[in-house]
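In: Structure here, sequence nowhere to be found:
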């Protein structure tokens, strides 16, 4: 996947700097082999490396890749920092030292981490058990050593925490352990549900690391058991409290309620005279000054697309249905929301903006539903496939209202996306639009299969929401 990304990147860069890639430069000479070594493709150049590369890549991909590498060598100065996320040499220059260290468990694609990073925290360890999430996290966080972004089960990480955190004092542990047993659709919610064991491991990790502050995020379905969580944190010497925070109150173009727990180590709270109630109060007070946004703000200044009417072409780039990587033709055209999520940066490329396949039935439903209408609308009853069970499936189809914050972006979007029909175009939202609604910047690239990108985005904490929480915590740590 990264080879394909590299090729597409260089093609777009060549268009941007108006220099064509020479498709005849497919020879691997000393300079090429040296560059391949820098890109961690070759260990050390020999004929065996070259042969293996040919075997791993299909012929056309091999030739395109070598052409792109040679183009990179010839135009290194003009390319500048365009490749800073994919070039290991440039990534090394991004490593930094900051005042406060953070460990992120169940880091996912990195939404919670990204919010803390924006407030100058340093992630010294991140862990998740999903391969695509870890690849996305690594790609978008060149400032973190790859050896500190771990793909593994948390229960295998805990016994080795000393090895991962050599001489590192951790100020904050953050995370959102998956707790399916607390889902709103589950009527048998209990703290000891086997599916909630990951929460228990999170508590174990906090005990072992002993940070000053803990931030845990979860579904609002955990609310009836929040007091039990407080007790579990008290057992390991943390005073804690919880509150239901909604993302649109932080300026995010989405109404996403999430339950947040904040814990302070007892000795630190006593010495610094800090209370959790005060932290939550400050978070809420700060929100009063935040500009609120609606869905229209998130969907502005991005290329209109049409749904593919042929199956299985989500990985195929196309001008009409979208591309995995594309030049941002609206660079510089930004509203307050895009300035907020992009941190006032001008973004050259747009990632993951690819429309999803629509069947004939779905296409007709998309074209007839009005904004804010669902499966009960009379306009679609002649084609609605679930009308005999409308009491269950009325929300399966829903056209978003651009004049309100979006409904919650969920991991379920990977299944069909019918609950998030674009407010003005005849299609469902793209992964990039979902990422914007979640407040990820436009250059945050989600790796992995197309449908898995929706899952990564839906499971994430909105970075802008995380940033506001991090800002208040930083004040008390200082």
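Out: Yep, that arrived. Owing to the predicted nature of the structure, the values given are computational and were not obtained by experimental measurement. Residues are numbered from 1 along each chain as shown.

In: only C-alpha atoms for contact and neighbour calcs from this point on.
Out: Will do.

In: check contacts around residue 402.
Out: Counting by CA atoms under 8 Å, 6 or more residues apart in numbering, residue 402 makes contact with 294-296, 371, 423.

In: Show me what whichever strand or helix holds residue 68 is packed up against.
Out: For residue 68, the host element (DSSP states H and E) is helix 59-74. If contacts are counted by 3 or more CA pairs under 8 Å, 6 or more residues apart in numbering; DSSP states H and E, helix 59-74 sits against helix 2-17, helix 30-38.

In: If we use 10 Å, what do you get?
Out: Helix 59-74 sits against helix 2-17, helix 30-38, helix 47-56, helix 76-79, with contacts defined as 3 or more CA pairs under 10 Å, 6 or more residues apart in numbering; DSSP states H and E.

In: Would you map the helices across the stretch 151-300 of the chain?
Out: Assigned by DSSP state H, counting those that start in this stretch, the helices in the stretch 151-300 of the chain fall at 154-157, 161-164, 197-209, 226-235, 266-272, 276-287, 295-298.

In: Distance-wise, check the residue nearest to residue 427 when sequence neighbours are not counted relative to residue 364.
Out: Distances taken as CA to CA, 6 or more residues apart in numbering place residue 307 nearest to residue 427, at 5.5 Å, with adjacent residues excluded. To residue 364, residue 307 is 12 Å away according to CA to CA, to the nearest Å.

In: got any residues that touch both of those two?
Out: 358, 426 (CA atoms under 10 Å, 6 or more residues apart in numbering).

In: Those two - which one has more neighbours?
Out: residue 307 (21 against 15; other CA atoms under 10 Å).

In: doesn't residue 353 make contact with the more buried one?
Out: No: Residue 307 is beyond contact range of residue 353, at 11.7 Å (criterion: CA atoms under 10 Å).

In: Need the pLDDT of the residue lying closest to residue 44 once chain neighbours are set aside.
Out: Among residues not flanking residue 44 along the chain, residue 37 sits closest, at 6.5 Å (CA to CA, 6+ apart). Note for residue 37: predicted pLDDT of 92.

In: Test my guess that residue 37 contacts residue 43.
Out: Yes: with contacts counted by CA under 10 Å, residue 37 reaches residue 43, the gap being 5.9 Å.

In: Run through this protein and note the low-pLDDT ranges.
Out: 179-196, 387-394 (pLDDT under 70).

In: how many other residues sit next to residue 209?
Out: Using other CA under 10 Å, residue 209 is surrounded by 19 other residues.

In: Also residue 327?
Out: Neighbourhood size, residue 327 [other CA under 10 Å]: 17.

In: any idea how far residue 412 lies from residue 315?
Out: From residue 412 to residue 315 the distance is 20 Å (CA to CA).

In: ok now do residue 38, which residues does it touch?
Out: 32, 44, 87-90.

In: can you do 8 Å?
Out: Listed by CA under 8 Å, 6+ apart, the contact set of residue 38 reads 87-89.

In: Let me know the closest of those residues to residue 406.
Out: Closest approach to residue 406 among these (CA to CA): residue 87, at 35.7 Å.

In: Once you drop chain neighbours, what's closest to the closest one?
Out: residue 39 (6.1 Å).

In: again, but for residue 40
Out: That would be residue 88: by CA to CA, 6+ apart, it lies 7.5 Å from residue 40.

In: Can you report how many residues lie near that neighbour?
Out: 15.

In: shouldn't it be in contact with residue 36?
Out: No: assessed by CA atoms under 8 Å, residue 88 is found out of contact with residue 36, at 10.7 Å.

In: residue ranges for the helices of the stretch 301-450 of the chain, please.
Out: Secondary structure of the stretch 301-450 of the chain (DSSP H, counting those that start in this stretch): helices located at 336-341, 360-368, 390-393, 431-437, 450-459.

In: and the residue nearest to residue 87, what is it in contact with?
Out: 87-89 are the contacts of residue 39 under CA under 8 Å, 6+ apart.

In: what's stretch 97-104 in contact with?
Out: Contacts for stretch 97-104 (CA under 8 Å, 6+ apart): 113, 120-127, 168-175.

In: buried stuff in that stretch?
Out: 100-104 (16 or more other CA atoms under 10 Å).

In: do stretch 9-22 as well
Out: 9-14, 21.

In: so how far is it from its chain's centroid?
Out: 28 Å (CA atoms, centre = their mean, to the nearest Å).

In: measure residue 11 to residue 72 for me?
Out: Distance from residue 11 to residue 72, by CA to CA: 10 Å.

In: ugh, wrong one, residue 299
Out: Taken as CA to CA, the span from residue 299 to residue 72 is 34 Å.

In: Residue 346 now?
Out: Counting by CA to CA, the gap from residue 346 to residue 72 is 23 Å.

In: Which one of those two is surrounded by more residues?
Out: residue 72 (21 against 17).

In: Show me what the helix or strand encompassing residue 112 is packed against.
Out: For residue 112, the host element (DSSP H and E) is helix 111-118. Packing contacts for helix 111-118, counted by 3+ CA pairs under 8 Å, 6+ apart, involve strand 121-128, helix 463-477.

In: and the contacts of residue 38 as CSV, adding secondary structure and distance to residue 267?
Out: Shown next, in CSV, are these (DSSP: H, G, I helix; E, B strand; the rest coil; distance: CA to CA, whole Å):
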residue, secondary structure, distance to residue 267
87, coil, 44
88, helix, 42
89, helix, 43
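
In: before we move on, back to that, tell me if I'm right that the residue nearest to residue 427 and residue 359 touch.
Out: No: the criterion here is CA under 8 Å, and residue 307 misses it with residue 359 at 9.2 Å.

In: circling back: so the residue nearest to residue 44 is in contact with residue 46, correct?
Out: No: using CA under 8 Å, residue 37 makes no contact with residue 46, being 11.0 Å away.

In: what about the strands in the stretch 251-400 of the chain?
Out: Taking DSSP state E, counting those that start in this stretch as the test, the strands found in the stretch 251-400 of the chain are 257-265, 322-327, 349-354.

In: right, and those - which one's nearest residue 95?
Out: Among the strands of the stretch 251-400 of the chain, strand 349-354 comes nearest to residue 95, with 23.3 Å by CA to CA.

In: Parallel or antiparallel, list what pairs with the closest one.
Out: Next to strand 349-354 in the sheet, as set by DSSP bridges, lie strand 322-327 (antiparallel).

In: in this structure, which residue is closest to the centre?
Out: In the chain, the residue lying closest to the centroid (CA atoms, centre = their mean) is residue 109, at 4.1 Å.

In: and it, what helix or strand is that in?
Out: For residue 109, there is no helix or strand it lies in under DSSP H and E.

In: That'll do, ta.
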